[in-house]
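K.L.:
let me see the structure of the following:
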Amino acid sequence: MADSKTKKLKSTSKEDIVKVAAIQMASSPNVSANLVEANRLIEMAVQAGAKLVVLPEYFCIMGLKDKDKVAIREKPNAGPIQQFLSKTAKAFKLWIIAGSVPMESPQAGKIHNSCLVYNDKGEQVARYDKIHLFGLDMGTEHYHEENTIAAGDQIVAIDTPFGRIGLSICYDLRFPELYRALGEVDMIVVPAAFTETTGKAHWETLVRARAIENLCYVVASAQGGYHLSGRETHGNSMIVDPWGVVLDRLPRGSGIVIANINRNYIKNLRQSLPALKHKTIKVIS
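P.N.:
Numbers count the residues shown, from 1 in each chain. So this is what the prediction gives:
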């Protein structure tokens, strides 16, 4: 019996369980103000025990015009947004996944929409450039990201102290083949700025589906509210477990959602339902 108890204790050790937070914002065109708000929410998450924080897409700017984000683009490892992320991660001894930062692109007039990962020493340890570019023509809503964004062409998963994490951004959520191509990950992050129109119809369904089909946690941090440009984003940031259960959510406005990620739970579920081992169709890139 003693050996059995010991095994149970080991299965729920601190290495297997970590508290993570998704931050929700309603960002403005003012970069400095957005960074102040991001810092406030990060500090709130740290005080709640989070060791990993995920910021939403465009946490640093939701401009009046599409080209506003191009104007503030940064070179790798340079610029106020990246400096903020590095200093904040180091100061709080926290891993930060920065939903997206406008990074310079070789294509004139365009950026890469980049998800940047910082470790608790303030070092940038991964970067993912958004692959799928959003397009919508519905009623009075018109979005064409290809006009200002150069698409990435590399999937990215990173090994961390909290398990293997797959990176994605917003519209990627609609493309399950991307997540299959990541292989077996413990966590998927989906920083987003879903429109209210598409979000109220599909956001939760897609987030939960990605968790269920990959038997992993999904941390979905979103923009949520009205923006000065007139755009309305859906919000509903959430953390979903591998069984599709929503552990925490925030429907609207600025704030945090927080939950424990339990890697032993993932392992047990994958043993009980080995769907990932039953795949017979290979992902074709």
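K.L.:
for stretch 51-61, give the mean pLDDT please.
P.N.:
What stretch 51-61 shows for mean pLDDT is 98.
K.L.:
end-to-end on it?
P.N.:
Using C-alpha to C-alpha, to the nearest Å, the end-to-end distance of stretch 51-61 comes out at 25 Å.
K.L.:
just stretch 178-185 next, same as before
P.N.:
First-to-last residue span, stretch 178-185, C-alpha to C-alpha: 12 Å.
K.L.:
contacts for that stretch?
P.N.:
Stretch 178-185 has contacts (C-beta atoms under 8 Å, 6 or more residues apart in numbering) with 131-132, 155, 157, 163-166, 168, 172, 188, 210, 213-214, 216, 270, 276, 279, 283, 285. The way it works is simple: take the backbone N, C-alpha and C, and place the C-beta from them, glycine included.
K.L.:
out of those residues, which end up buried?
P.N.:
The neighbour-count test (16 or more other C-beta atoms under 10 Å) applied to the contacts of stretch 178-185 identifies 131-132, 155, 157, 163-166, 168, 172, 188, 210, 214, 216, 270 as buried.
K.L.:
now do the contacts for the nearest residue to residue 150 once chain neighbours are set aside.
P.N.:
Leaving aside its sequence neighbours, residue 150 sits nearest to residue 105 (C-beta to C-beta, 6 or more residues apart in numbering; 4.1 Å). When contacts are counted by C-beta under 8 Å, 6+ apart, residue 105 touches 73, 111-112, 149-150.
K.L.:
if you set the cut-off to 7 Å instead, what comes out?
P.N.:
Applying C-beta atoms under 7 Å, 6 or more residues apart in numbering to residue 105 gives the contacts 111-112, 150.
K.L.:
and for residue 211?
P.N.:
In this structure, residue 211 makes contact with 217-218, 240-242, 244, judged by C-beta under 7 Å, 6+ apart.
K.L.:
that one in helix, strand or coil?
P.N.:
For residue 211, the assignment made with DSSP: H, G, I helix; E, B strand; the rest coil gives helix.
K.L.:
and for residue 179?
P.N.:
At residue 179, secondary structure determined by three-state DSSP is helix.
K.L.:
what are the bridge partners for residue 53, then?
P.N.:
residue 21, residue 96 (DSSP bridges).
K.L.:
that one: neighbour count?
P.N.:
Residue 53 has 29 neighbours, counted by other C-beta atoms under 10 Å.
K.L.:
for residue 236, same thing?
P.N.:
23.
K.L.:
tell me the SS of residue 113?
P.N.:
strand.
K.L.:
from residue 244, how far out is the residue lying closest to it once chain neighbours are set aside?
P.N.:
Nearest non-adjacent residue to residue 113, counting by C-beta to C-beta, 6+ apart: residue 130, 4.1 Å away. Applying C-beta to C-beta, to the nearest Å, the value for residue 130 to residue 244 is 25 Å.
K.L.:
cool, and residue 161?
P.N.:
For residue 161, the distance to residue 244 equals 26 Å [C-beta to C-beta].
K.L.:
right, I'll leave it there.
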